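Asks: sequence below, structure please.
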Amino acid sequence: MRFIALVVAALVVTGCEDREAEYDSGYADGYAVGYNTACQIRQTLIDGNWSSEAYSTGYAAGMVAGIVACNTEHPTEG
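Replies: Predicted structure coming up:
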């Protein structure tokens with residue numbers, strides 16, 4: 001019985017780690033795209049794992065953060 005509980009716990013932890021890694025990957029890609037686009041630096045190659053909800057959520061959050069970072073570092077005059 002304890003063995004089954006340990007196996008289930010290990011699977012849950014592994015699943016959480018995979019989801020977190022996907023989110024982190026999406027966030028990093030979104031941040032790079034947002035920053036580079038807002039600052040007009042260059043096109044950015046990304047993983048683009050759109051089938052992963054965690055990746056897509058991280059990408060959206062990273063995109064906003066990247067745009068904010070560019071606009072904070074390089075405010076427009078006007």
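Asks: all the helices of this structure, residue numbers only.
Replies: Using DSSP state H, the helices of the chain run over residues 2-38, 53-73.
Asks: to I46, which of these lies closest?
Replies: With Cβ to Cβ as the measure, helix 2-38 is the member of the helices of the chain nearest I46 (3.9 Å). C-beta: built from backbone N, CA, C; applies to glycine.
Asks: so what's the model's average confidence on that closest one?
Replies: The average pLDDT within helix 2-38 is 79.
Asks: could you redo the helices of the chain as CSV and give each row mean neighbour count?
Replies: Shown next, in CSV, are those (neighbours: other Cβ atoms under 10 Å):
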stretch, mean neighbour count
helix 2-38, 15
helix 53-73, 17
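Asks: for T44, which of these is the nearest?
Replies: Closest among the helices of the chain, once you apply Cβ to Cβ, is helix 2-38, at 4.8 Å.
Asks: in a markdown table: the helices of the chain, plus distance to I46.
Replies: Formatted as a markdown table, the helices of the chain follow (distance: least, Cβ to Cβ, whole Å):
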| stretch | distance to I46 |
| --- | --- |
| helix 2-38 | 4 |
| helix 53-73 | 8 |
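Asks: minimum distance to D47: which of those helices has it?
Replies: With Cβ to Cβ as the measure, helix 2-38 is the member of those nearest D47 (5.7 Å).
Asks: show me what contacts S52?
Replies: Residues near S52 by Cβ atoms under 8 Å, 6 or more residues apart in numbering: E22, G26.
Asks: hmm, try it at 7 Å
Replies: Going by Cβ atoms under 7 Å, 6 or more residues apart in numbering, S52 touches E22.
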